[in-house]
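Enquirer: quick one, fold the following:
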Amino acid sequence: MLRHLRREHQIIQVRDKIRTGVLAWIVARLTGRKIVYWMSFPFADGFEARAREVGRSKGLIVWLANWSRAFLARHVYYGFLVHRVDHLFVQSEEMLHMMQRRSGLPAERMTAVPMGVEAGWLGRDRKALAGERPTVLEGRRVLAYVGTLARSRQPEFLLRVLERVRESEPAALLLLIGDAPSADERTWLREQIAASPAADAVHLTGWLAPEAGQRWLAHAELGYSPIPRGPLFDVGSPTKAMEYMAQGIPCVANDNPDQRLALEQSGAGFCVPMEVEAFAQASLRILRDAELAQRLSECGPPWIAQHRSYPVLAAKVAAAYQKLQEPSRAA
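Expert: Residues are numbered from 1 along each chain as shown. Presented below is the predicted three-dimensional model:
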């Protein structure tokens, strides 16, 4: 909050708040401070997508309000604010390139800081973390997904993958660690599971504390990270693939740009199109080949430690701030 500014504060940072960003820019310029904006999601584009999705289903006033917000956010953010902040942190290399194309910002005015993992996740004994195997997982080949199961993320896709995998591996079980964000979506999700021919091979935990979720995840033979392709998701940096890799769990993910980069560099899993057959075949390769699964498992933690642990990412942010302060020190 701007009211907490003190004399010793040299930089104002704003995360994702466009109106607050404009106000902070004014304060920064009046007080001789630098301003940094952290863009974790293209919210201006998200407002436009929401306006299209809702349309006139909620009446003319809501339609006008949604489109007015989308119009103003787009023009204020892309046309004004990003050109006036001193530095822009973005969520991924893909988002950095998108901002170059859309706003003409030079790469040196931006820093990509993708999602990472707590250093404490690395080097943990997965068997010890897992503890006693839950009864529901006994005798099962566990295929896990961690995170939000919002309708926009198409969680029903994983049900189709499970149905296909079970044709060859009847013991396969889909472990969904998380839940949908709203009551209507939670109802929809459970209806989708109940309607699946593989409903008896799906276990939905609901929302859990992080440590409890990690214990469930530690029982998995592989982890799924399907991210629907499109302008909003393509510029993101999915966390779940990094969490699987940090725990030494082979990852099956689709070709979201950040996931593709991580899996190609690390060799910790398979990056395939978001198609049922492609995901099923990648899953079966891991389930059928213990040596392959072990190699994939061993590739994840060292790559995360070098590229995506929070200490590494924090050093990257600190270097950007240090560089930003150099002109004032020289002066």
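Enquirer: residue 27 contacts residue 12, doesn't it?
Expert: Yes. The pair residue 27 and residue 12 qualifies as a contact (CB atoms under 8 Å) at a distance of 6.7 Å. In this view, the C-beta of every residue, glycine as well, is placed from N, C-alpha and C.
Enquirer: neighbour count: these two, which is higher?
Expert: Applying other CB atoms under 10 Å to residue 27 and residue 12 shows that residue 12 carries more neighbours, namely 22 against 14.
Enquirer: quick one: that one is in a strand?
Expert: Yes. Under the criterion used here (DSSP: H, G, I helix; E, B strand; the rest coil), residue 12 sits inside a strand.
Enquirer: hmm, back to that, what do residue 27 and residue 12 both touch?
Expert: 2, 5, 33 (CB atoms under 8 Å, 6 or more residues apart in numbering).
Enquirer: the second one - how many residues pack around it?
Expert: The criterion is other CB under 10 Å. On that basis, residue 5 has 14 neighbouring residues.
Enquirer: pLDDT below threshold where in the chain?
Expert: The model of the chain has pLDDT under 70 over residues 1, 327-331.
Enquirer: for the closest residue to residue 257 other than its chain neighbours, pull up the helix or strand it's in.
Expert: Spatially, and ignoring its direct neighbours in sequence, residue 257 is nearest to residue 94 (4.0 Å; CB to CB, 6 or more residues apart in numbering). Counting by DSSP states H and E, the element that carries residue 94 is helix 93-103.
Enquirer: wasn't residue 57 part of a helix?
Expert: No. Assignment of residue 57 by three-state DSSP gives coil, placing it outside any helix.
Enquirer: pull the number of nearby residues for it.
Expert: Under the neighbour criterion other CB under 10 Å, residue 57 is assigned a count of 8.
Enquirer: so what's it up against?
Expert: Contact criterion CB under 8 Å, 6+ apart gives no residues in contact with residue 57.
Enquirer: from residue 63, how far off is it?
Expert: Plainly put, residue 57 is 8 Å away from residue 63 if you go by CB to CB, to the nearest Å.
Enquirer: what touches both of the two?
Expert: Common contacts of residue 57 and residue 63, defined by CB under 8 Å, 6+ apart, are absent altogether.
Enquirer: what about the strands in the protein?
Expert: For the chain, applying DSSP state E gives strands covering 11-15, 34-39, 87-90, 110-112, 141-146, 172-177, 202-204, 222-225, 251-254, 269-272.
Enquirer: returning to what we had before: what residues does the helix holding residue 94 touch?
Expert: The list of residues contacting helix 93-103 from outside it, by CB under 8 Å, 6+ apart, reads 39, 42, 78, 82-83, 88, 90, 105-107, 110, 112, 114, 234-236, 257-258, 261.
Enquirer: tilt between that helix and strand 34-39?
Expert: Angle of helix 93-103 versus strand 34-39, following axes from the mean of the first three to the mean of the last three CA atoms, to 10 degrees, is 110 degrees.
Enquirer: check the offset of helix 93-103 from the chain's centre.
Expert: Here helix 93-103 shows a centroid-to-chain-centroid distance of 18 Å under the convention CA atoms, centre = their mean, to the nearest Å.
Enquirer: just the CA trace of that helix, in PDB.
Expert: Only the C-alpha atoms of helix 93-103 are listed here, as PDB (Å, rounded to 0.1, in the frame of the first residue of the first chain):
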ATOM      1  CA  GLU A  93      10.100 -15.700 -21.700                       C
ATOM      2  CA  GLU A  94       7.000 -16.100 -23.900                       C
ATOM      3  CA  MET A  95       5.300 -13.200 -22.100                       C
ATOM      4  CA  LEU A  96       8.500 -11.100 -22.600                       C
ATOM      5  CA  HIS A  97       8.300 -11.800 -26.300                       C
ATOM      6  CA  MET A  98       4.600 -11.000 -26.400                       C
ATOM      7  CA  MET A  99       5.300  -7.600 -24.700                       C
ATOM      8  CA  GLN A 100       8.000  -6.900 -27.300                       C
ATOM      9  CA  ARG A 101       5.600  -7.600 -30.100                       C
ATOM     10  CA  ARG A 102       2.600  -5.800 -28.700                       C
ATOM     11  CA  SER A 103       4.200  -2.800 -27.000                       C
END
